[in-house]
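Peer 1: Output the structure for:
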Amino acid sequence: MTATINVKTDSELKKQAESLFSDLGMNMTTALNIFLRQAVRENRIPFEITRDPYSLEKAISDTRTSL
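Peer 2: Okay, here's the model as predicted:
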């Protein structure tokens, strides 16, 4: 049995991801299924998620500049 998942994302990101997955010999569905299976297998998101330190520093700098 299969289920459908609808995901909204930025169109440029979708295009870049499709190109990458194509280079890897798969389509978006296969790539997302790999991600989901790995997440369930590991019982977590299968990669580290962190804030971009540059973005935080830039936000602080921008805030100080606007004061």
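Peer 1: Name the helix or strand of this protein that has the lowest mean pLDDT.
Peer 2: Ranking every helix and strand in the chain by mean pLDDT, DSSP states H and E puts helix 53-66 at the bottom, with a mean of 72.
Peer 1: And the helices in the protein, which stretches?
Peer 2: With DSSP state H as the criterion, the chain has helices at 11-23, 28-42, 53-66.
Peer 1: Turn these into TSV, columns for mean neighbour count and distance to T4.
Peer 2: Just so you know, the C-beta spots here come from the backbone N, C-alpha and C atoms, and that holds for glycine as well. Below are these laid out as TSV (neighbours: other C-beta atoms under 10 Å; distance: least, C-beta to C-beta, whole Å):
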stretch	mean neighbour count	distance to T4
helix 11-23	11	17
helix 28-42	12	10
helix 53-66	9	34
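Peer 1: Quick check: which of those is nearest to I5?
Peer 2: When these are compared for distance to I5 using C-beta to C-beta, the nearest one is helix 28-42, at 7.5 Å.
Peer 1: now the angle between helix 11-23 and the closest one, please.
Peer 2: For helix 28-42 against helix 11-23, the angle by axes from the mean of the first three to the mean of the last three C-alpha atoms, to 10 degrees is 80 degrees.
Peer 1: Could you check how far helix 28-42 is from the centre of its chain?
Peer 2: Here helix 28-42 is found 12 Å from its chain centre; the criterion is C-alpha atoms, centre = their mean, to the nearest Å.
Peer 1: Which residues does that helix contact?
Peer 2: With contact meaning C-beta atoms under 8 Å, 6 or more residues apart in numbering, helix 28-42 is reached by 5, 7, 14, 17-18, 21, 24, 26, 45-46.
Peer 1: how about 10 Å then?
Peer 2: For helix 28-42, the external contacting residues (C-beta atoms under 10 Å, 6 or more residues apart in numbering) are 2, 5, 7, 14, 17-18, 20-22, 24, 26-27, 44-47.
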